[in-house]
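Student: here's my sequence, what's the structure:
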Amino acid sequence: MSQNMLGRNNSFTVFVGSLETITVIIQDNAGNAIDLTSTSTYNSVKLNVWTPDGTLIINAAGSYGTRNLGQVQYTFASGDTVSTNAGNWEGIFICYDNSSPTPKITQYSDIFNITIKQVGSG
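Tutor: Sure thing, here's the model as predicted:
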């Protein structure tokens, strides 16, 4: 069951069936974009979207946009925006380094609101 989440600086609305791309700028505490050009420090990025009870509904590889401007992004796949995922959720982008065998978290975005909305619903 979805619910209205806390107000966040970023929020996105994606419609069921949409394959659009969302982009977030990862910032430091002062609000400045973090330079993500080091591919050893910022090797991969994931998007996590979860329900109020913590159940992950999206846990997928994202990509880097303009790295020196702190951009991370995700293009929704058809399985992400199915009607069973419709609701008001929260999400985060998480950056990982190139450590082997287990990459370490090196940075993350602020948490954002994401609404997956049925076409024609309020």
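Student: what about the nearest residue in space to residue 109 that is not next to it in sequence, distance to residue 62?
Tutor: Distance criterion C-beta to C-beta, 6 or more residues apart in numbering; nearest residue to residue 109, sequence neighbours excluded, is residue 93 at 4.2 Å. For every residue, glycine as well, the C-beta is placed using N, CA and C. Distance of residue 93 to residue 62, computed by C-beta to C-beta, to the nearest Å: 6 Å.
Student: and for those two, which residues touch both?
Tutor: Contact criterion C-beta atoms under 8 Å, 6 or more residues apart in numbering; residues shared by residue 93 and residue 62: 45, 46, 47, 72, 74.
Student: where does the chain dip in pLDDT?
Tutor: Applying pLDDT under 70 to the chain flags the ranges 1-8, 121-122.
Student: which one of the shared contacts of residue 93 and residue 62 is nearest to residue 18?
Tutor: Distance to residue 18, by C-beta to C-beta, is smallest for residue 74 among the shared contacts of residue 93 and residue 62, at 12.1 Å.
Student: and for the helix or strand containing that closest one, what's in contact with it?
Tutor: In the assignment (DSSP states H and E), residue 74 maps to strand 71-75. Defining contact as C-beta under 8 Å, 6+ apart, one finds that strand 71-75 is touched by 19-26, 33, 36, 45, 47, 60, 62-65, 93, 95, 109.
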